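In: I need the structure of the sequence given here:
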Amino acid sequence: MPEERRKLEAKIERLLKELTVAQQCSLSEISSFGYTLSFVRSTPEGKIAIVQLDNGAITIDDEGEINHNPNIKIRD
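Out: Next up, the predicted model:
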């Protein structure tokens with residue numbers, strides 16, 4: 001397994017540990033469509049998972065609710 005892939009898998013494992021069970025379930029559902037967990041943001045309302053597919057992003061709140069049109073800007 002290439003080193004880069006191992007690093008990516010380790011990063012995703014760390015991020016998954018930050019998610020609630022509800023977020024993990026929602027992520028599991030949408031990952032079959034090709035979405036991948038990019039990062040997790042802490043907000044006053046709780047942690048938000050940012051999930052991407054190509055140039056599009058969606059969010060999953062700490063209750064597992066998926067927002068397909070979030071008001072966020074992803075930097076390149």
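
In: lowest-pLDDT helix or strand in the protein?
Out: Sorted by mean pLDDT, DSSP states H and E, the helices and strands of the chain end with helix 3-18, the least confident at a mean of 83.

In: which residues are in contact with it?
Out: Helix 3-18 is contacted by residues 24, 27, 36, 37, 39, 40, 47, 49 when judged by C-beta atoms under 8 Å, 6 or more residues apart in numbering. For every residue, glycine as well, the C-beta is placed using N, CA and C.

In: The same query, at a cut-off of 7 Å, please.
Out: 24, 37, 39, 40, 47 (C-beta atoms under 7 Å, 6 or more residues apart in numbering).

In: where's the first one relative to residue 31, distance?
Out: Yep, that's residue 24 we're talking about. Using C-beta to C-beta, to the nearest Å, residue 24 is found at 10 Å from residue 31.

In: do the same with the third one
Out: Counting by C-beta to C-beta, the gap from residue 39 to residue 31 is 15 Å.
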